[in-house]
Each structure stands twice: as structure tokens, then as C-alpha cells.
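1. here you go, sequence then predicted model.
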Amino acid sequence: MRPLMAYLVAALAGSTMAVQGAFNAILGNRVGSFQASFIVHVIGTVLLGMILLLGPGYASLGKIKEGPWYALLGGPLNVLIIWGVLSSVGRLGVAPATTAILFAQISTALLLDLAGLAGARISFTPLKALGAALFGLGAWLLLRQ
């Protein structure tokens, strides 16, 4: 995937996360946060199962043993993500919750990239430090009452 397309896909994911958070919060307010998280995961699992059965990629599931064990922690972490988003959006609103989520996400992502955990290792430069600080200031300005 070309870098521009990867940025567009990332932007699409970010936009849909905000919409998903709103929808999940609505569901969570009706049925409860853990119940809503369960419903969302069941629907997502069924949809992904259908895509895998009908599309390419089903055979590559056998390669699951080739990766490190901790790569499988994405599943349990997704449960925490869905529950955390729908719980916080329902209480704070979409913009404040998303701001807090993005601040924590970008801070953690920066640390992971500095450590090279996902494969791409970045160097920490003064410009990146300034960008992180400005992002933190922007988040603070958006979140302050």
C-alpha cells in the first residue's frame, strides 16, 4: 500500500472510530456497557467470519503459530477499547472522549515507535518533541472546562 493510501485508510479509520463510539454509546446507554461491547464483538466476529469465508485470506489463518504470543493480545485489548470508548463517549461526549483517547493513543504510539515494537523504529528529534508537546497542549485546551 502506498503511503498516501495508508494515510487515507488511517483517516477513514479515525473517522469511523468517532462514529462507532457514538453508536456504541447509544447502544451502551440502552443495554449496558459490557452488554453493548459483547453485541458489537459478536456482530463484528460474524461479519469478519463471512468475509474470511467468502474472500481471500482464509488459508493464511494457519500462520497464527508463526508470530509471537503477545501478538494475540490485540483481541483482549479490543474488548477494553470498545468498552472504554462506549463508556467514555456516553458520559463525556464524542469530542472530549475522542480527544482524551487520541492523546493517550498518540503518546503510547510514540513510545512504541521509539522502541521499535511494531517493526518501524523512529528517532526522537526536537521537532517530534515539539509536535508531541503542541499536541498535548491542544488536547488540554480542548478538554479543559
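-> In hand now; what should we look at?

2. list the residues that contact the residue of the chain most remote from its centre.
-> Of all residues in the chain, residue 126 has its C-alpha farthest from the mean position, at 26.8 Å, by Cα atoms, centre = their mean. The contact partners of residue 126, by Cβ atoms under 8 Å, 6 or more residues apart in numbering, come to none. To be clear about C-beta, it is placed using only N, CA and C from the backbone, and glycine gets the same treatment.

3. give me phi/psi at it?
-> Main-chain dihedrals, residue 126, degrees, to the nearest 10: phi -60, psi -30.

4. quick check: pLDDT value at it.
-> At residue 126, the pLDDT value in this model is 91.

5. determine the longest helix present in the protein.
-> Secondary structure assigned by DSSP state H gives helix 3-31 as the longest helix of the chain.

6. next SSE downstream of that helix?
-> Using DSSP states H and E, the next helix or strand after helix 3-31 towards the C-terminus is helix 33-54.

7. number of residues surrounding residue 69?
-> Residues near residue 69, counting by other Cβ atoms under 10 Å, number 7.

8. again with residue 1
-> 8.

9. now it. Nearest residue, chain neighbours left out?
-> The spatially closest residue to residue 1, leaving aside those adjacent along the chain, is residue 9, at 7.3 Å (Cβ to Cβ, 6 or more residues apart in numbering).

10. can you tell me how far the one you found is from residue 121?
-> According to Cβ to Cβ, to the nearest Å, residue 9 stands 22 Å off from residue 121.

11. thinking again about what came up before, and the residue farthest from the centre of the chain, how far from residue 132?
-> Distance of residue 126 to residue 132, given as Cβ to Cβ: 11 Å.

12. cool, and residue 125?
-> Residue 125 sits 11 Å away from residue 132, taking Cβ to Cβ as the criterion.
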